[in-house]
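Peer 1: below is the structure, and that's it, no one-letter string:
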């Protein structure tokens, strides 16, 4: 499959970047075609522009500033998102990627009379890999996994039909032991190794 790996972390030596590299290498070893979208490395501007917002409900969204990102997203059959969870949400740069690239005419089409939007993406598989400083029970029992719910229902559910989402969260990840990281990489392998190569 054509796999897009999107990494959203500002530090070049971060755990997230290491996990993104691990996932990309695993996919390539299985024969997938992998493209890496490094949002911080590319200097991605997260803020929706005036022209983009004004064109949001017109006949054609102005995606001219995002042509490369749009092409990579629309060609992808599988997506790996690697990011830290900050304040129980997406990093601003990743939220901006959703705002600017997952746009009308790209990820979805508007429907008339305020009916549900129509999905456009051909994504079949999505793996979200995230690290959190908090323990698992706060994310899961207190806040009910807000990032997973938004990603699964509001974003992927609206923009891709029949999507299969896996989300792997490494909690208490401020300074994890190497053994914990290795076990987590094993979980990543278990998901990616099940992705079809055709």
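Peer 2: Yep, it's here. No experiment lies behind these values; they were computed from the predicted model shown. Numbering: from 1, shown residues only.

Peer 1: rest of the way, CA atoms for contacts and neighbours
Peer 2: Noted.

Peer 1: residue 65 - that's part of a helix, no?
Peer 2: Yes - counting by DSSP: H, G, I helix; E, B strand; the rest coil, residue 65 is located in a helix.

Peer 1: how many other residues sit next to it?
Peer 2: 13 (other CA atoms under 10 Å).

Peer 1: could you do residue 93 as well?
Peer 2: The local packing of residue 93 (other CA under 10 Å) involves 21 other residues.

Peer 1: which residues touch it?
Peer 2: 8, 39-40, 44-46 (CA atoms under 8 Å, 6 or more residues apart in numbering).

Peer 1: ends of stretch 159-169, what's the gap?
Peer 2: Using CA to CA, to the nearest Å, the end-to-end distance of stretch 159-169 comes to 23 Å.

Peer 1: by neighbours, which of the contacts of residue 93 wins?
Peer 2: Ranking these using other CA under 10 Å puts residue 8 first, with 26 neighbours.

Peer 1: and that residue, its phi and psi?
Peer 2: phi -130, psi 80 (degrees, to the nearest 10).

Peer 1: so for it, what pLDDT did the model give?
Peer 2: Looking at residue 8, its pLDDT reads 98.

Peer 1: so how far is residue 176 from it?
Peer 2: Taking CA to CA, one finds residue 8 at 19 Å from residue 176.

Peer 1: so which of the contacts of residue 93 is the closest to residue 121?
Peer 2: Distance to residue 121 across the contacts of residue 93 (CA to CA) is lowest for residue 39, with 20.2 Å.

Peer 1: gap between the closest residue to the closest one other than its chain neighbours and residue 47?
Peer 2: When the adjacent residues along the chain are set aside, residue 39 lies closest to residue 8, with 5.6 Å between them (CA to CA, 6 or more residues apart in numbering). Residue 8 sits 15 Å away from residue 47, going by CA to CA.

Peer 1: report the central residue of the chain.
Peer 2: Taking CA atoms, centre = their mean as the criterion, residue 81 is the residue nearest the geometric centre of the chain, at 3.4 Å.

Peer 1: just to revisit the earlier point, now, among the contacts of residue 93, which is nearest to residue 23?
Peer 2: Checking these against residue 23 by CA to CA gives residue 8 as the nearest, at 14.1 Å.

Peer 1: per-residue pLDDT, the residue lying farthest from the centre of the chain?
Peer 2: Distance from the centre of the chain peaks at residue 113, with 29.5 Å (CA atoms, centre = their mean). If you check residue 113, the pLDDT there is 77.

Peer 1: in a helix, it, correct?
Peer 2: Yes - with three-state DSSP as the criterion, residue 113 is part of a helix.

Peer 1: report the contact partners of it.
Peer 2: For residue 113, the contact set (CA under 8 Å, 6+ apart) is empty.

Peer 1: check which helices and strands the helix or strand harbouring residue 37 sits against.
Peer 2: Using DSSP states H and E, residue 37 sits in strand 33-38. Helices and strands touching strand 33-38, by 3 or more CA pairs under 8 Å, 6 or more residues apart in numbering; DSSP states H and E, are strand 2-7, helix 15-29.
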